[in-house]
Structures are given as C-alpha cells and as structure tokens.
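Asker: heads up, no residue letters with this:
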C-alpha cells in the first residue's frame, strides 16, 4: 500500500526530520499542484509502489491536471506524512530526480534542499545549502516559485499564419508603468496582425485548452498613446538600425486584471524588462515555449557565441511554436529574462538590452 494507515517498520525517523518534511511538503504544496508533471510520472510512481492500481485509476479519472495532482498528493503523500510515514515522500523526490522532465528535476532539487533545512521556508537562499547540479556544484539553482511565475507570464500566440510564444512584461515609458506583450516581429509583424491574434495563458496540460483571448480585446489600441513597437529581423540600412526581430504591444492592464480575476489560477506577474543581465558563452539558459503549438514546455541549453545583439542558443526551435519565446538566465538563485528567441534554424535570440534601447528611442 503506497499510503499506509500507520508508520511501517523501519520507517520511523526522529521527530525533527519528520517535522521538516511535513513543513517542506506544506510550503511547496501549491508549487507541486501547479508544476508537478503528474501525467508523465504516473508509470514511475506506480512502479515504485508510491501509488496502488486503485489510486492510479482514480488519479487518471480526474478531468484536469490540477485535480490529478491534488488527488495524488493528498492520498499518496499527505496521509502518510500525517502519521509520520515519510517513505512515499522520499520516493516521490527520487522519482522526480530521475525523470527526464526538467520541471520534475527542479522540484526534486527544491524539495531535497527544504528537507535538509531546519527552517524549510519557501525561499531558499545561498546560505541555506542550495541544491546542487549534476556536476555537484552550487551553480544553476533557483526557486520553483520562479519557474511557476515565468510560466504564468508566458503565453501561446496564434496568428492566421503561424504559432508562437510571448511573455508579459512591464517597463516605464514617459513616467508611466506600462504592461506589454513581448514576442518576435516574425510572429506579429504589424498592428493588424496583433489585433487579430489569439493569446492563450496557462496552457500547461495537453488535456485542457484554456480560453484564448483576442488581441483586439487585450491590447490598448485606438488611443493617442503609442501601443505598438517593432523591429524586423533584417537590418534597415536607411535608418541605420540592426534587425532586432521583436514586437512589443501595450496591454490594457484593466483587461489583464479582469482575465486574472476570471481565472484565479493565472495571477500573472509581468516581468521587469528594465532589469537586464549580461550573458556570456557557457551561461545556463532556460527557455519556455510551445513547440508545435503544444502545451508549455521547458528547455535547458547553454549560451553559445554572443555577437552584438545576437545570442546563440543551441536549441532546436525550427518547428512552429517557439518563435518569440523568452530566454531566461539563472542569476544569483533567480531566473532573469535576458533574450527573445527567434525560433528558427539559426538558434539565435535577441538580447533584451538592445530591445529596450530601441524601444526608448522610438
């Protein structure tokens, strides 16, 4: 039985260890509900006897990702922790560590760190023994909450001709904080295309397709304020401008708030686009995208050659869906937006600093 009614022989641990694991589970429960790749892990969870065949069937019978994750966590993990049985929790971390799913690996690292930390809080700082990478160093760690946050701010964009990805950000323009959608020019080349596009937030489950929102109903167009900025992929020799391949569209904050109010799972927190880090060859890069229009995926790569505004990301993004994807860098335990992926066979991205410089000039 995966979740016994009482502690099993040899499963007892000292009270401090048990309390740490209980606190770890509680403080990370929301992150697990939202980001745990439960559908991918079910075969391994069953094989490791973390779930019984009956519980497996009950989980798979649930309609949404959140419901499946909740049933698993409450019936396979919470019940055991309530009586001081922590083996299933330890097994869950081990299964996630061995998973090919990057999100599962990050969650496992966070949980391992929390279990070792007496404070076991949601925030993990360098002095609290950060999780390690496969190389055994303290580089490359960050909070699971940050992964969930960037996931909520990243969206799928559908146009009549192609698919892509974008990210919601904020910046100061003429003394006013402005919320914007940032993506590639090759996806939203002009104002009319932007108004006719469809935007889908929180598409993380192949079995659940959230309601798409029309650009016309989300963007702040039709006013005297500038609402559309762009730069094509090819250089403009007349204006003497480099081709940055980006488009930035002003979002109506009230409409975005209304969307978040309607769907409480969103809670979109726009990124501060004015905070830009440098990138160098070898830096760890994290990309969130919708390859081939599928549910949101996380990819890891290393930064290649950096030349001018172009950043090389050695990642196969030649298929539709990855154009305009945000590229993040792990920096001091946090994920920082640093570039915008072109989504073609060149493996290139545009550094955010050059985009912001162009926006301020225009």
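Answerer: Nice, I can see it. Quantities reported herein were computed from a predicted structural model and do not represent experimental measurements.
Asker: Show me the shaky parts of the protein.
Answerer: Scanning the chain with the threshold set as pLDDT under 70 gives 1-14, 101-103, 116-143, 237-240, 260-266, 316-319, 331-333, 344-346.
Asker: okay, which residue is most central for it?
Answerer: residue 151 (2.9 Å; Cα atoms, centre = their mean).
Asker: So what touches the strand or helix carrying that residue?
Answerer: Assigned by DSSP states H and E, residue 151 falls within helix 144-153. Helix 144-153 has contacts (Cβ atoms under 8 Å, 6 or more residues apart in numbering) with 28, 31, 34-35, 103, 106-107, 110, 122, 167-169, 201-202, 204, 266-271, 288, 296, 298, 326, 328, 334-335, 337. C-beta coordinates here come from the backbone N, C-alpha and C atoms, glycine included.
Asker: Run through the helices of the stretch 1-150 of the chain in chain order.
Answerer: In the stretch 1-150 of the chain, the helices defined using DSSP state H, counting those that start in this stretch lie at 15-27, 29-35, 38-47, 53-60, 65-72, 79-82, 87-98, 102-116, 144-153.
Asker: do the stretch 151-300 of the chain as well
Answerer: Under DSSP H, counting those that start in this stretch, the stretch 151-300 of the chain gives helices at 191-196, 215-218, 253-262.
Asker: With mean neighbour count and distance to residue 281 added, can I get these in TSV?
Answerer: Shown next, in TSV, are the helices of the stretch 151-300 of the chain (neighbours: other Cβ atoms under 10 Å; distance: least, Cβ to Cβ, whole Å):
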stretch	mean neighbour count	distance to residue 281
helix 191-196	16	34
helix 215-218	18	37
helix 253-262	13	37
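Asker: if we can go back for a sec, just the buried ones from the contacts of helix 144-153?
Answerer: 28, 31, 34-35, 103, 106-107, 110, 167-169, 201-202, 204, 266, 268, 270-271, 288, 296, 298, 326, 328, 335, 337 (16 or more other Cβ atoms under 10 Å).
Asker: Among these, which lie within strands?
Answerer: Members of those lying in strands (criterion: DSSP state E): 167, 168, 169, 201, 271, 288, 298, 326, 328, 335, 337.
Asker: For the first one, which non-adjacent residue is spatially closest?
Answerer: For residue 167, the nearest residue in space outside its immediate sequence neighbours is residue 326; the separation is 4.0 Å by Cβ to Cβ, 6 or more residues apart in numbering.
Asker: partner residues bridging that neighbour?
Answerer: residue 340 (DSSP bridges).
Asker: Quick check: it vs residue 174, distance?
Answerer: 25 Å (Cβ to Cβ, to the nearest Å).
Asker: Next, count neighbours for residue 68.
Answerer: 22 (other Cβ atoms under 10 Å).
Asker: which phi and psi does the closest residue to it other than its chain neighbours have?
Answerer: Leaving aside its sequence neighbours, residue 68 sits nearest to residue 62 (Cβ to Cβ, 6+ apart; 4.4 Å). Phi and psi for residue 62, reported as degrees, to the nearest 10, are phi -70, psi 150.
Asker: hmm, back to that, in a markdown table, list the helices of the stretch 1-150 of the chain along with distance to residue 184.
Answerer: As requested, these are exported to a markdown table (distance: least, Cβ to Cβ, whole Å):
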| stretch | distance to residue 184 |
| --- | --- |
| helix 15-27 | 37 |
| helix 29-35 | 26 |
| helix 38-47 | 29 |
| helix 53-60 | 38 |
| helix 65-72 | 28 |
| helix 79-82 | 46 |
| helix 87-98 | 33 |
| helix 102-116 | 23 |
| helix 144-153 | 17 |
